[in-house]
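Visitor: everything below, folded, please.
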Amino acid sequence: MGIRFGQHLRTQRLARGLTLDELGEGAFPASYISLIEAGRREPGPAVVRELARRLQDPPRGLQGGSGQTAAGDGAYLASALAARQAWDLREYEHAAGHAETAAAAAQTAGKASSWWDMACLRAECLVKLRKFEDCVVLVRRLLSHPLSESPALASRAHEMLSLSFTGLGRTAAALEHAHEAVRLAAEMPGRSEVLFGALRRLIRALADSGRLDEAWERCRSLSDLMAETETAPVSTGESEWTIGNVAFIRGDHTEGAERHRRAARFLSSANDLELWSRFNQEIASTRLAGGNLDQDTLDALKRAEMGFSVIGCPRADQLELALLRARWLCATGSPAESIPLLREVHQGRGLLRPHVAAEAAKLLGQALRKCELTDETSASGEEAQGEPVVSAPADALPVSSFEASLG
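Guide: Below is the predicted model:
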């Protein structure tokens, strides 16, 4: 549902001193707007445009701040609301376009914080679309802006750079920016959610670099922070999820399973079906890589497939989920059933990260050999030559509440 849209609508309404009745007067009941703000109703495009118009030109005497709406607010509001709605609907191409328009309007109007907000949203969309190089360019522009003097904003930007470099396979750069994100977050007073997110990103970057002892030490620090600090349920769930992954990679399956069980208590399909689906996909992948061919692994895979069948996902994510099912089939003695899935993944390899495409090619070759389909075997084997094959990449997305929104 429209969580981001609703939050933004409420912020803009309160900034103008409008009540629910005043914003909806003559068109929308207060109860309907309240449901939109709570993310429990999804407004149509016409409703979004009308709400933007009303926020741009509220009734006289009701404006907040100086009592007047800036000239650029109309273009900004309409595009910003449309961007957030498209994001909530997982229409990331549209969200990126609207966010870019909103950022341009904010820049023209001299609204630095609004520009930053929309530029960040566009960057998140670019990651969702796996346009990592474009995201790197945009985030570096964010870091050159005066607002990057804020440790919270700069930490978020470096976290996004780390995530993008992970997507590009540049593990050293990903690790460098993850360390910087943690350093900046640690400068903030108290133990904020920003620090928790930055630590989770660093743990993933360390694990992806093969530095498992360092990753586990950071897991211990993250666990201590959770014990000392009250955090949002989703953040707690994501932290347990991250720790569980590292435990599995290190071979401690008992600890990993327990951490994942704890995470499941806080990650609900009712609250965020996409996050819940990715969580189950990663559980299945991590357990499968550790040789856990049990019912818990299969159940996690089925939950992921069910969740994504409901919400849909980009083609690259569909292929990775199909590869996970194929891995399960091969590992459980059904290579013939895996071949159609692996052929599909192999045909779409251009959409995949290099190590994932290489894994698919290698697995296809192995399945064909087992089934004695030798005509295709050599070609599939050649595709995998020279590519590093990673059975269960530690950087599977998402890994924090911010990254969960990126996917």
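Visitor: residues contacting Leu298?
Guide: 284, 328 (CB atoms under 8 Å, 6 or more residues apart in numbering). No exception for glycine: its C-beta is placed from N, CA and C like everyone else's.
Visitor: how does this structure divide into domains?
Guide: 1-126, 130-261, 310-391 (automatic domain parsing).
Visitor: Ala270: which of those domains is closest?
Guide: domain 1-126 (10.4 Å; CB to CB).
Visitor: any idea how far the closest one is from the middle of the chain?
Guide: A distance of 22 Å separates the centroid of the chain from that of domain 1-126, by CA atoms, centre = their mean, to the nearest Å.
Visitor: now swap in stretch 348-365 and tell me
Guide: A distance of 22 Å separates the centroid of the chain from that of stretch 348-365, by CA atoms, centre = their mean.
Visitor: try stretch 277-291
Guide: 17 Å.
Visitor: go on, stretch 341-352?
Guide: Using CA atoms, centre = their mean, the offset of stretch 341-352 from its chain centre is 22 Å.
Visitor: do stretch 179-192 as well
Guide: In terms of CA atoms, centre = their mean, the centre of stretch 179-192 is set 21 Å apart from its chain centre.
Visitor: rewinding a little: please identify the most buried of the domains of the chain.
Guide: domain 130-261 (a mean of 20; mean count of other CB atoms under 10 Å).
Visitor: quick one: the domains of the chain as CSV, columns for distance to Leu273 too.
Guide: As requested, those are exported to CSV (distance: least, CB to CB, whole Å):
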stretch, distance to Leu273
domain 1-126, 10
domain 130-261, 13
domain 310-391, 5
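Visitor: tabulate the ones you listed in JSON lines, adding columns for mean pLDDT and distance to Ala304.
Guide: Listed next are the domains of the chain as JSON lines, based on pLDDT from 0 to 100; distance: least, CB to CB, whole Å:
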{"stretch": "domain 1-126", "mean pLDDT": "81", "distance to Ala304": "16"}
{"stretch": "domain 130-261", "mean pLDDT": "93", "distance to Ala304": "13"}
{"stretch": "domain 310-391", "mean pLDDT": "83", "distance to Ala304": "6"}
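Visitor: of those domains, which is nearest Gln281?
Guide: Of all those, domain 310-391 comes closest under CB to CB, at 6.3 Å.
Visitor: give me the contacts around stretch 267-274.
Guide: Residues from elsewhere that reach stretch 267-274 (CB under 8 Å, 6+ apart): 90, 234, 237-238, 241, 275-277, 279, 307, 310-311, 313, 404, 407.
Visitor: what residues sit buried inside that stretch?
Guide: By 16 or more other CB atoms under 10 Å, the buried positions in stretch 267-274 come out as 267, 269, 272-274.
Visitor: between the residues you listed, which sits nearest Ser150?
Guide: Asp272 (26.9 Å).
Visitor: quick check on the closest one: phi, psi?
Guide: phi -150, psi 90 (degrees, to the nearest 10).
Visitor: now it: how far from Arg278?
Guide: 9 Å (CB to CB, to the nearest Å).
Visitor: if we can go back for a sec, of all the domains of the chain, which one is nearest Ser285?
Guide: Shortest distance between Ser285 and those, using CB to CB, is found for domain 310-391: 5.7 Å.
Visitor: can you give me the helices for the stretch 101-250 of the chain?
Guide: 112-128, 132-143, 151-167, 171-186, 193-208, 212-228, 233-249 (DSSP state H, counting those that start in this stretch).
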